[in-house]
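K.L.:
Compute the structure for the input listed below.
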Amino acid sequence: MKKLFFAALFAVSALSIAKADNDERPITIDKLPATAQQFLQANFANLTFAYAIEEMGFFGSEYEVYYTDRTEVEFNSNGEWKKIERAYEALPDQVIPQQILTFVKQHQPTAFIKSIDRDSRDIEVELNSGIELKFDINTLTLIGYDD
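P.N.:
This next block holds a predicted model:
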C-alpha cells in the first residue's frame, strides 16, 4: 500500500512539474483583462510595448507586460496591478497611493520610487537609492525599512 501511495505521489508531482513548463504563453495587449488594458493606457501609453505573457495557474491567469525601456507591470487575474517596476525612471505618481508618495517625498526628498509591489498584506516600494520601504496594505503606514 505504501508503494502504491508513493508511486501515485510521484506521478502527481511529475505531472505538476511537466505542467509548470507549459503554463506560460505570449499574448498581445488586447488579450489582457479590460482593467489592465485601461491601466496601461492611462499610465504607460507613451512607452513602446515589447511583449506580454499570460501565466495560467490553478486560480486563474496572471499577466506580465514588458516595455522596451525595461518597464515591467504584473497583473492578477482580475487585471489589478501586482507589481510595477522601472529600470531607469520613476514610476508615474498616479500609480502610487498618495499617502506613500507623500511619505517618500517628505522623508527621502532626493529619491524616487522605481518599483512598487503589492500583495494581500503589504505594499513594498523600492527607491532608486536602494532603500526598500514596506507599508501596511490597509493603513498605508510604514511597517518596515531596509537599506
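
K.L.:
and the most centrally placed residue in the chain, what element?
P.N.:
Nearest residue to the geometric centre of the chain (C-alpha atoms, centre = their mean): Lys83, 2.3 Å. Per DSSP states H and E: Lys83 is located in strand 81-85.

K.L.:
All the helices of the chain, in order from the start?
P.N.:
2-21, 34-44, 98-107 (DSSP state H).

K.L.:
Mean pLDDT lowest where, among the ones you listed?
P.N.:
Note on the helices of the chain: lowest mean pLDDT is at helix 2-21, with a mean of 48.

K.L.:
Helix or strand with the lowest mean pLDDT in this protein?
P.N.:
helix 2-21 (a mean of 48; mean pLDDT, DSSP states H and E).

K.L.:
about what we covered before: go ahead and produce CSV holding the CA coordinates of the strand holding Lys83.
P.N.:
This file holds the C-alpha atoms of strand 81-85, laid out as CSV (Å, rounded to 0.1, in the frame of the first residue of the first chain):
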residue,chain,number,x,y,z
TRP,A,81,-1.7,45.5,-10.8
LYS,A,82,0.5,43.4,-8.5
LYS,A,83,3.9,44.8,-9.3
ILE,A,84,5.3,47.8,-11.3
GLU,A,85,9.0,48.2,-12.0
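
K.L.:
Low-confidence ranges, the protein, go.
P.N.:
Flagging of the chain using pLDDT under 70 yields the residue ranges 1-22.

K.L.:
Domains in it, by residue range?
P.N.:
The chain resolves into domains spanning 1-89, 90-147 when parsed by automatic domain parsing.

K.L.:
List the residues that contact Gly79.
P.N.:
Residues near Gly79 by C-beta atoms under 8 Å, 6 or more residues apart in numbering: 32-37, 39, 63. No exception for glycine: its C-beta is placed from N, CA and C like everyone else's.

K.L.:
All set, thanks.
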